[in-house]
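Enquirer: Let's see this in three dimensions:
(2 chains)
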Amino acid sequence: SQTIHQWPATLVQPVGSPLSLECTVEGTSNPNLYWYRQAAGRGLQLLFYSVGIGQISSEVPQNLSASRPQDRQFILSSKKLLLSDSGFYLCAWGFRNTIYFGEGSWLTVV
Amino acid sequence: GNSVTQMEGPVTLSEEAFLTINCTYTATGYPSLFWYVQYPGEGLQLLLKATKADDKGSNKGFEATYRKETTSFHLEKGSVQVSDSAVYFCALSDQNTDKLIFGTGTRLQVFP
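Expert: This is a model prediction of the structure:
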């Protein structure tokens, strides 16, 4: 069966510090991968979308970036965090028109 | 463009009450429709889905029917439990990609 894991689960980072959130998928090959963000009191916003290694589509302009160095690995990064980057970040993978989510990572920028 | 509109919450119910959370969509073509549930402090879990008109998705006592004529996918449950307290998201999947477009979520609070 397929599983998805992301880490860390929780982190508190100062403004201006870097960020790296990692996500891996097991039990499938060449999945579509996604990063979503859920800001407090708001819905889900698609940040990045990847259909293969090295192929990243950005959905919204921001100071975040994403990379896919391996088939089942998806990384969300920032060089300098802003206060507005705080939120709940969700990695997901897609198969046959259905998307499955990881456990999420809570980021608080202080 | 494609969009999803769902009723604002919170929805507050007593245990064993009937639940309806409304969801309507705007889309070109024939999207797939989904309900996801988010329990406190957790990620999103797929609750049910429907891929074509008149399909009924069901899981854990929840149901939703894909109504193309009214562009709706309302979530229903005949008898809610305290453990159903969560945020429920309606979503549609773009016909040509896997990208999901979400509604803003509806918080359900069930009291004993």
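
Enquirer: residues from chain A in reach of chain B?
Expert: Neighbours of chain B within chain A, by Cβ under 8 Å from any Cβ of the partner chain: A:32, A:34, A:42-44, A:46, A:49, A:90, A:92, A:94-95, A:97-104. Where you see a C-beta, it was placed from the backbone N, CA and C, and this is true even at glycine.

Enquirer: Kindly state the beta-bridge partners for whichever residue of chain A sits closest to chain B.
Expert: Among the residues of chain A, A:Gly94 lies nearest to chain B; the distance is 3.4 Å by Cβ to the nearest Cβ. Per DSSP bridges, the residues bridged to A:Gly94 are A:Asn32, A:Ile99.

Enquirer: so where is chain A shaky, pLDDT-wise?
Expert: Across chain A, the ranges flagged by pLDDT under 70 are A:41-42, A:61.

Enquirer: one step back: among the residues of chain A next to chain B, name the buried ones.
Expert: With neighbours counted by 16 or more other Cβ atoms under 10 Å in any protein chain shown, the residues of chain A next to chain B contain buried members at A:32, A:34, A:43-44, A:46, A:49, A:90, A:92, A:94, A:97, A:99-102, A:104.

Enquirer: strands paired with the helix or strand bottoming out on mean pLDDT in chain B, and their directions?
Expert: Lowest mean confidence among the helices and strands of chain B (mean pLDDT, DSSP states H and E): strand B:100-102, at a mean of 88. Pairing partners of strand B:100-102, with direction, according to DSSP bridges: strand B:86-93 (antiparallel).

Enquirer: dump the residue contacts of A:Ser67.
Expert: Contacts for A:Ser67 were tallied using Cβ atoms under 8 Å, 6 or more residues apart in numbering or on different chains; they are A:56, A:74-75, A:77.

Enquirer: Show me where chain A has its strands.
Expert: All strands of chain A, identified by DSSP state E, fall at A:3-7, A:10-13, A:19-26, A:32-38, A:44-52, A:55-58, A:64-70, A:73-78, A:87-95, A:98-101, A:105-109.

Enquirer: What subset of the contacts of A:Ser67 is buried?
Expert: Neighbour counting by 16+ other Cβ under 10 Å classes A:56, A:74-75 among the contacts of A:Ser67 as buried.

Enquirer: Stretch B:47-60 - what's its average pLDDT?
Expert: Per-residue pLDDT values over stretch B:47-60 give a mean of 95.

Enquirer: Can you list the low-confidence ranges for chain B?
Expert: B:95-98.

Enquirer: try 50 this time
Expert: Within chain B, not a single segment meets pLDDT under 50.

Enquirer: Chain A contacts on that one?
Expert: By Cβ under 8 Å from any Cβ, the part of chain B that sits against chain A consists of B:32, B:34, B:36, B:42-46, B:49, B:51, B:89, B:93, B:97-100, B:102-105.

Enquirer: Any of the residues you listed buried? List them.
Expert: Buried members of these, counted by 16+ other Cβ under 10 Å: B:32, B:34, B:36, B:43-44, B:46, B:49, B:51, B:89, B:93, B:98-100, B:102-105.

Enquirer: ok, back up a step: so what's the residue of chain A closest to chain B up against?
Expert: A:31-34, A:100, B:98.

Enquirer: coming back round to it: from the strands of chain A, which stretch is densest packed?
Expert: Of these, the one with the most neighbours on average (mean count of other Cβ atoms under 10 Å in any protein chain shown) is strand A:32-38, at a mean of 24.

Enquirer: Now do that strand: which elements does it pack against?
Expert: Using 3 or more Cβ pairs under 8 Å, 6 or more residues apart in numbering or on different chains; DSSP states H and E, the elements in contact with strand A:32-38 are strand A:19-26, strand A:44-52, strand A:73-78, strand A:87-95.
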